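Q: Pasted the sequence and its predicted model underneath.
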Amino acid sequence: MKIYIKTWGCQANISDSEAMAGILKEKGHQIINNENGADLILVNTCSVKDKTQSKELHYIREKSKNKKIIVGGCLTKTINIRNYIPEVTAVFDTNSILKINEIVETQKDHFSNTKELSRLEVPIIRKNKEIAIIPISQGCLNNCNFCSTKLSRGNLISYRIGDVKRALEKSINEGCNKVFLTSQDNGCYGFDIKTNLPELLNELTKVKGNYKIRVGMANPWHVIKIIDSLIESYKNEKIMKFIHIPLQSGSENVLKDMKRIHSVKDFKNIVNKFRNEFKNITISTDIIVGYPTETKEDFQETLNVINELKPEVLNISKYSIRPNTEALKLKQTPSQEIKRRSTIITNLYNNYRKKEKIK
């Protein structure tokens, strides 16, 4: 069968799609890059933003008119896809990646409450042959009030260091020179199996070869617990000097309302410690504007923090309602005000980045 895989979302989703492609090819299916020639389209969805959900549902609705469509990814646990598009062929969740051939062959739904611990052992068809995207865990340890990903990915399950190391060795042997470590929260890696991210990095960098490792997103409240040993790990030349730590808001009140368990001070401490140690470090962070309880004063506090620290990468998201989240119950900020705040902080970022480039 000719199969086209359409992927939305994060590095973890891309990794899942690469694994599904590898499994399906091993079972005799042909993975193609043109949806028009496909017998079946496999859609791997993201549930983070309402705007993305709208695009996904539109795509699925249009393609299901003349193609068989199987839908997976985080959105399948956030909403009932069939309530929106009854004609989809099959639906499966993020715990059913290793069952993808069975799902394609039977064209029946598959949902599981058990995470797949042998996830790293499957064949891979990479989107970019030089980049290995290696998941190190699934799920997270918090329940942020705005986030629907926890509903899809569940609680933390870390993969064993030996399994991750073997996946790295295999990737290097296959010609990869960049390795992206991904998960819903790299910061809490290993907390469930009595290890941590620095110990993982120390072991991975023992692998011989010409490659660089980029560590994916890590939440501040976990990073602050391991910061000294993490900085030591980052001193290895094989670790890219890049750290992604999402702030989300510069207001302590909003962070509390979001159920984020870090402070602005924690975030500043992390940024300053890394910058003091590594002069060329790239700091990446995320900001949500227009959270329901964010006042104009709260927003100004966010602007102040961003202007003070000037992160090299700033991912700005306009808050949007997500199903089954606590923030859904709150009085929402008018969309025009959210857009206004997004424009202001985007301009702030663009202006200081231009000045940095001139220097």
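A: Structure's in. What do you need?

Q: longest strand in this protein, by residue count?
A: strand 282-289 (DSSP state E).

Q: What is whichever helix or strand comes after that strand packed up against?
A: Using DSSP states H and E, the helix or strand that directly follows strand 282-289 along the chain is helix 296-309. Where contact means 3 or more C-beta pairs under 8 Å, 6 or more residues apart in numbering; DSSP states H and E, helix 296-309 is packed against helix 252-258, helix 264-277, strand 282-289, helix 335-358. (Glycine included, C-beta is placed from N, CA and C.)

Q: repeat that with 7 Å
A: helix 264-277, helix 335-358 (3 or more C-beta pairs under 7 Å, 6 or more residues apart in numbering; DSSP states H and E).

Q: Residue 268: how many residues sit nearby?
A: Other residues within reach of residue 268, judged by other C-beta atoms under 10 Å, total 16.

Q: which residues touch it?
A: Contacts for residue 268 (C-beta atoms under 7 Å, 6 or more residues apart in numbering) come out as residue 309.

Q: what ranges do the helices span in the protein?
A: 11-26, 50-63, 75-78, 81-84, 100-106, 149-153, 161-173, 197-204, 220-234, 252-258, 264-277, 296-309, 335-358 (DSSP state H).

Q: Any chance of a markdown table for these, columns mean pLDDT?
A: Formatted as a markdown table, the helices of the chain follow (pLDDT from 0 to 100):
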| stretch | mean pLDDT |
| --- | --- |
| helix 11-26 | 96 |
| helix 50-63 | 96 |
| helix 75-78 | 94 |
| helix 81-84 | 96 |
| helix 100-106 | 97 |
| helix 149-153 | 87 |
| helix 161-173 | 97 |
| helix 197-204 | 99 |
| helix 220-234 | 98 |
| helix 252-258 | 98 |
| helix 264-277 | 98 |
| helix 296-309 | 99 |
| helix 335-358 | 95 |
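
Q: Identify, out of those, the most deeply packed stretch.
A: Stretch with highest mean neighbour count among these: helix 75-78 (a mean of 24; mean count of other C-beta atoms under 10 Å).

Q: hmm, who's touching the longest strand of the chain?
A: Contacts of strand 282-289 (C-beta under 7 Å, 6+ apart): 146, 241-249, 271, 274, 299, 302, 311-319, 338, 341-342, 345.

Q: same deal with stretch 98-107?
A: 1, 20, 23-24, 27, 40, 70, 89-90, 92, 96, 110, 116, 118-119, 122.

Q: Buried by neighbour count, from the residues you listed: which ones?
A: 20, 23-24, 40, 70, 89-90, 92, 96, 110, 116, 119, 122 (16 or more other C-beta atoms under 10 Å).

Q: State the pair within these that is farthest apart.
A: 89 and 119 (24.1 Å; C-beta to C-beta).

Q: any idea of the angle the longest strand of the chain forms with helix 296-309?
A: 170 degrees (axes from the mean of the first three to the mean of the last three C-alpha atoms, to 10 degrees).

Q: May I have strand 282-289 as CSV, with CA atoms only?
A: C-alpha atoms of strand 282-289 as CSV (Å, rounded to 0.1, in the frame of the first residue of the first chain):
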residue,chain,number,x,y,z
THR,A,282,21.5,30.5,22.7
ILE,A,283,18.6,31.0,25.1
SER,A,284,15.2,30.0,23.7
THR,A,285,12.0,30.6,25.6
ASP,A,286,8.2,30.6,25.1
ILE,A,287,5.6,33.2,26.1
ILE,A,288,1.8,32.9,26.1
VAL,A,289,0.1,36.2,25.7
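
Q: How about the contacts made by residue 171?
A: 132, 134, 179.
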